[in-house]
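Visitor: predicted structure and sequence below. I'll ask about it afterward.
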Amino acid sequence: MTAAALDELDRAIDRALDTGDESQLDVLGYGEISSVVRWRGRAYKRLPPFPDADRAGRYGALVDRYVRALAARGVAVVDTHVDALARADGSISVYVHQPVLPADAIGPRALARWDAAVAADRFAAIVDAVCAVVGPAPAGEPDGPAARRRGGDAPGRAAEASPIGALGLDAQLSNWAWIDGRWHYLDVTTPLVRGADGRDELDTDLFVASLPWLLRAPVRRWLLGGILDRYYDPRQVAVDLLANLHKERLAGRLPSLIEVVNARVSPPVDEAEVARYYRADARLWAWLLRLRRLDRAWQRRVRRRRYPFLLPGPIER
């Protein structure tokens, strides 16, 4: 997208934030951190504002690196690009964009329409991808320095990257699309890469940027590590995937799909563990969303300033 067209999208989102009227935006979905908007035939996700071009450039390079690492481990990724726009206040708007996919191809709707045998077989393909991707990088796995972000017009330069120590994956069904007879992964917005020293390559401030200022330090210190760690453990990723079936109203599929998981991970998972995990996870994200709504009200009504995130309405968890 040209800079002028990206600026048009950026202004449209800002108008919606200023007025509280999202009717002029075609919102495809609300994530826990950012939302997806259809614009000129593609799906755009705007990240929390970056303070400078260098950090925006490093993020774009990391997304590219993550996509290449997933592909090297056999995971097809939907065509993904990262574009950046310098704003008048000096901050950088960063957008991750992909083609808009048919709604029936997205994981939950696809799984719901398949019969039990087909659903189990195709669900197994996701669990196999989890087992192939998640965890420490094999010794000697080839990996070069981080590439410059796609498109060639990213602000900033990508720094030399340490070898990949581990890869993570958020394998929830809504992050996959069934296209041309195989799964394609969608959610590379949070590139889960750790270096050989065990440190997150991702700028983890992205996770807390949408929280009220006073909560960012406590969440970063007490919660963020635990949230991220589970995406680097294949069994925990599988439990999270199973638990997400409750939110997607597909819990009736759990008995057969737990069998799929237990053929691949150890110790075995049972329905009670999945239910406990889901309740705890739902409480956490519901609590964080309530805090974000309170912060939005405070920013708009008291401080008379723009709240920079699109928030969903009521969510059935």
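Guide: That came in fine, so what should we check first? These numbers were taken from a predicted model, which means no experiment stands behind them. Numbers count the residues shown, from 1 in each chain.
Visitor: for stretch 213-228, the distance to its chain's centre please.
Guide: 17 Å (Cα atoms, centre = their mean, to the nearest Å).
Visitor: that stretch - what's its average pLDDT?
Guide: Here stretch 213-228 scores 80 as its mean pLDDT.
Visitor: ends of that stretch, what's the gap?
Guide: 20 Å (Cα to Cα, to the nearest Å).
Visitor: buried stuff in that stretch?
Guide: 216, 219, 224, 228 (16 or more other Cβ atoms under 10 Å). Heads up, the C-betas are built off the backbone N, CA and C, glycines and all.
Visitor: tabulate those (TSV), appending secondary structure and distance to residue 121.
Guide: Below are the buried residues of stretch 213-228 laid out as TSV (DSSP: H, G, I helix; E, B strand; the rest coil; distance: Cβ to Cβ, whole Å):
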residue	secondary structure	distance to residue 121
216	helix	43
219	helix	39
224	helix	36
228	helix	31
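Visitor: for those residues, give me JSON lines that also has distance to residue 179.
Guide: Formatted as JSON lines, those follow (distance: Cβ to Cβ, whole Å):
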{"residue": "216", "distance to residue 179": "38"}
{"residue": "219", "distance to residue 179": "36"}
{"residue": "224", "distance to residue 179": "33"}
{"residue": "228", "distance to residue 179": "28"}
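Visitor: number of residues surrounding the nearest residue to residue 179 once chain neighbours are set aside?
Guide: Among residues not flanking residue 179 along the chain, residue 105 sits closest, at 5.7 Å (Cβ to Cβ, 6 or more residues apart in numbering). By other Cβ atoms under 10 Å, the residues close to residue 105 number 15.
Visitor: tell me if I'm right that residue 105 and residue 178 touch.
Guide: Yes - the criterion here is Cβ atoms under 8 Å, and residue 105 meets it with residue 178 at 5.3 Å.
Visitor: now do the SS call for the spatially closest residue to residue 125 that is not a sequence neighbour.
Guide: Distances taken as Cβ to Cβ, 6+ apart place residue 183 nearest to residue 125, at 5.8 Å, with adjacent residues excluded. Following DSSP: H, G, I helix; E, B strand; the rest coil, we place residue 183 in the strand state.
Visitor: which ones are touching residue 183?
Guide: 75-76, 107, 122, 125-126, 129, 176-177 (Cβ atoms under 8 Å, 6 or more residues apart in numbering).
Visitor: need those in a markdown table with neighbour count, secondary structure and distance to residue 234, can you?
Guide: Converted to a markdown table, the contacts of residue 183 look like this (neighbours: other Cβ atoms under 10 Å; DSSP: H, G, I helix; E, B strand; the rest coil; distance: Cβ to Cβ, whole Å):
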| residue | neighbour count | secondary structure | distance to residue 234 |
| --- | --- | --- | --- |
| 75 | 22 | coil | 14 |
| 76 | 15 | strand | 19 |
| 107 | 24 | helix | 18 |
| 122 | 19 | helix | 19 |
| 125 | 14 | helix | 15 |
| 126 | 26 | helix | 12 |
| 129 | 21 | helix | 10 |
| 176 | 29 | strand | 16 |
| 177 | 23 | strand | 22 |
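Visitor: and those residues, which is closest to residue 11?
Guide: Among these, residue 177 lies closest to residue 11 (Cβ to Cβ), at 29.6 Å.
Visitor: beta-bridge partners for that closest one, please?
Guide: residue 106, residue 184 (DSSP bridges).
Visitor: am I right that it is in contact with residue 126?
Guide: No - between residue 177 and residue 126 there is no contact under Cβ under 8 Å: 11.5 Å.
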